[in-house]
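Could you look at this predicted model? Sequence included:
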Amino acid sequence: MDTEERRRGILETARRDGSVDVGQLAVELRVSKETVRRDLNALERHGLVRRTHGGAHPVESAGFETTLAFRTTMHVPEKSRIAGAAVELLGDAETVYIDEGYTPQLIAAALPRDRPLTVVTASLSTAGALAAAENINVLLLGGRVRGGTLATVDHWATRMLSGFAIDLAFVGANGISRQYGLTTPDPAVGALKAEVMRVAKRRVFSGVHTKFGAVSFCRFAQVTDFEAIVTDTGLHSSEARHYALLGPQVIQA
């Protein structure tokens, strides 16, 4: 196996499993740990993976995006804590946008049932879960359904959204970076998220620590556009302070 084949295999493993470990790869590939580290560094320079302590995880891009089913298996305890902390920011909002993705889905499940709420969403999963909920009126955006995420996109969805004035939007992203802002691999998704940012009076980002520093294809917002960022304690405290200096309150659940 030459270098290119080995690195391609490492990337495929990272995308299949959600992360890779240096030691395990060294054993499986029968090479030194230093060789694996060089391979991961090269993949990171190309924007394909993001290094972690002892390994790496894949970066979502125009050519690769995880499915909703996959996201329900990764960092579930962290996502549950994030959802609980995010809902604490609801305040007196009466209309709420819930983005596509698993963490937003958990936010939807944690919404209070003892007060009237109107929830707007592009997520079929979220709409289905809330449809019978007491005191919650659900508006599902129409459009083309993306099979991997079970969410609607394209001009039908953005046009419907453009007619609303939403009190609070819970927004997710595939990557968040102080330099490049919030990004997503699909232009159609980026367009919808950009419209959400335009029509929402308040905006909260929620996402696990692995999204920080990752950059995908389509930018739809800047960090400064948000009143709060809700993540887990996996984000280094110094990095959290850097994001807070840009304006948003940073909450680590």
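Received it, and whenever you're ready, just let me know what you need.

Strands of the stretch 101-250 of the chain, start to end?
For the stretch 101-250 of the chain, strands defined by DSSP state E, counting those that start in this stretch occupy the ranges 117-121, 136-140, 144-146, 151-153, 166-171, 175-177, 181-184, 200-206, 218-221, 228-231, 249-252.

The longest one: which residues count as buried?
By neighbour count with 16 or more other Cβ atoms under 10 Å, strand 200-206 contains the buried residues 200, 202, 203, 204, 205, 206. Where C-beta positions appear, they are placed from N, C-alpha and C, glycine not excepted.

Report the spatially closest residue to the residue nearest the centre of the chain, excluding sequence-adjacent ones.
Compute the mean C-alpha point of the chain, and by Cα atoms, centre = their mean the closest residue is residue 173, 3.6 Å away. Leaving out its chain neighbours, the residue that sits closest to residue 173 by Cβ to Cβ, 6 or more residues apart in numbering is residue 182, at 4.1 Å.

And for that neighbour, the neighbour number?
Residues within reach of residue 182, counting by other Cβ atoms under 10 Å, total 29.

just residue 96 next, same as before
Neighbours of residue 96 (other Cβ under 10 Å): 24.

what's the answer for the one 10 residues further on, then?
Under the neighbour criterion other Cβ under 10 Å, residue 106 is assigned a count of 21.

44 is where my numbering starts, stick with that
Sure thing, new numbering starts at 44, so read that last one as residue 149.

do you know how far it is from residue 278?
18 Å (Cβ to Cβ, to the nearest Å).

Nearest to residue 101, out of the strands of the stretch 144-293 of the chain?
strand 218-220 (11.4 Å; Cβ to Cβ).

which parts of the longest helix anywhere in the chain are buried?
When the chain is parsed with DSSP state H, its longest helix is helix 46-60. Of all the residues in helix 46-60, those buried under the rule 16+ other Cβ under 10 Å are 49, 50, 53, 54, 56, 57, 58.
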